[in-house]
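Enquirer: Attaching a predicted model along with its sequence, questions to come.
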Amino acid sequence: MLRTLLQPFYTAFVAITFVVSIVAAFPVFALISLGNNVGARKLIHKLIRMWATGWLWLIGMPVRVSGNLPEGRFIIVANHISYMDTLAIFPAVSAYFRPLGKKEISKLPIIGFIYKQVVILVDRSSQVSRAISMRLMWRVLRKEGNILIFPEGTFNETEAPLKSFYDGAFRLAVNTGTDILPLILPDTVHRWHYSGWWKLWPGKNRAIFLPPVKPQDKDMAALKQEVFGRMEEELKKYLIR
């Protein structure tokens, strides 16, 4: 009952602080983006990480990281169960990364502009777009840093810990010899439930790194199944719908 009464006020607080902070920061992002190079992207990424860490703390959703982010470059794969995932990954991953994200979001005002500065865009309905994004991710791994992918592609709205994975992250790992680093986010669904934009509630946001999975001596299907199995087993310890 208390949550039902307070949730509209909390949701309004979250929305107002988000909009005000994004609008205030937009001129800075726009100025840096004029560089249109790796250095500019890394600076924007750093500022987003600082902002996300501070804003999530302000609204009572701090991210608590467990496990280690090893040295080196990785294809980080995370489960996807909430709108909050796309914000929680920035405080969770201390190293520079570029996420793979849906092209449609780039069309949103203000947010879309910032989104395009750091995200590798993909239209999953287009084979050409998928091929281009794969080449871009390969280049980022060689020249810039880590890649982060939600291999489920969209929210997991099932009762299972995970939806089936797309092949892209694992094909990229096999083709480039890059280790997969699994990351699980068990709490974001309780912070912002996928069933309604207004279903926000404060609390912990755990981000748990699992040991890296090497692609050597594995084909794409075997690598995908191994990562899926490890993440599913770990999520079962935490996930309560």
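Expert: Looks like it came in fine. Residues are numbered from 1 along each chain as shown.
Enquirer: State which helix of this structure is the longest.
Expert: Counting residues, the longest helix found in the chain (DSSP state H) is helix 2-33.
Enquirer: separation between the nearest residue to F155 once chain neighbours are set aside and E152?
Expert: Closest residue to F155 apart from its sequence neighbours, by C-beta to C-beta, 6 or more residues apart in numbering: Y194 at 4.5 Å. No exception for glycine: its C-beta is placed from N, CA and C like everyone else's. For Y194, the distance to E152 (C-beta to C-beta, to the nearest Å) stands at 12 Å.
Enquirer: cool, and I22?
Expert: With distances defined as C-beta to C-beta, the gap from I22 to E152 amounts to 26 Å.
Enquirer: Next: A78.
Expert: According to C-beta to C-beta, A78 and E152 sit 9 Å apart.
Enquirer: And those two? Which one has more around it.
Expert: A direct count of neighbours by other C-beta atoms under 10 Å for A78 and E152 places A78 higher, at 26 against 19.
Enquirer: Identify the bridge partners of the more buried one.
Expert: Judged by DSSP bridges, the bridge partners of A78 are L183.
Enquirer: swap in N146?
Expert: On DSSP bridges, the residues paired with N146 through beta bridges are F97.
Enquirer: Can you get me a residue count around it?
Expert: Around N146 there are 20 other residues, counting by other C-beta under 10 Å.
Enquirer: how about the strands in this protein?
Expert: For the chain, the strands defined by DSSP state E cover 63-66, 75-78, 97-102, 120-122, 146-149, 180-184, 205-209.
Enquirer: can you put those strands in TSV and add distance to V140?
Expert: Formatted as TSV, the entries for these read as follows, by distance: least, C-beta to C-beta, whole Å:
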stretch	distance to V140
strand 63-66	23
strand 75-78	10
strand 97-102	5
strand 120-122	7
strand 146-149	6
strand 180-184	15
strand 205-209	20
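Enquirer: want to throw those strands into TSV with mean pLDDT and distance to S133?
Expert: Conversion of the strands of the chain to TSV gives the following (pLDDT from 0 to 100; distance: least, C-beta to C-beta, whole Å):
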stretch	mean pLDDT	distance to S133
strand 63-66	96	27
strand 75-78	98	13
strand 97-102	92	6
strand 120-122	89	4
strand 146-149	97	10
strand 180-184	98	17
strand 205-209	96	24
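Enquirer: mind checking pLDDT for L239?
Expert: Reading off the confidence values, L239 has pLDDT 67.
Enquirer: Enumerate every residue touching the spatially closest residue to S164 that is not a sequence neighbour.
Expert: Counting by C-beta to C-beta, 6+ apart, S164 lies nearest to E152, which is 7.4 Å off, once chain neighbours are set aside. Neighbouring residues of E152 by C-beta atoms under 8 Å, 6 or more residues apart in numbering: 79-80, 162-166.
Enquirer: buried set for the helix or strand of the chain with the lowest mean pLDDT?
Expert: Here the helix or strand of the chain ranked lowest by mean pLDDT, DSSP states H and E is helix 111-118, holding a mean of 85. When neighbours are counted by 16 or more other C-beta atoms under 10 Å, the buried residues of helix 111-118 are found to be 114-118.
Enquirer: So which of the residues you listed is the closest to E157?
Expert: When these are compared for distance to E157 (C-beta to C-beta), Y115 comes out closest, at 22.9 Å.
Enquirer: Make sure the closest one is actually in contact with E104.
Expert: No. Under the criterion of C-beta atoms under 8 Å, Y115 lies out of contact with E104, with a separation of 10.2 Å.
Enquirer: Number of residues surrounding F209?
Expert: Neighbours of F209 (other C-beta under 10 Å): 20.
Enquirer: My read is that it contacts R230, right?
Expert: No. Look at F209 against R230 with C-beta under 8 Å: they stay out of range, at 11.4 Å.
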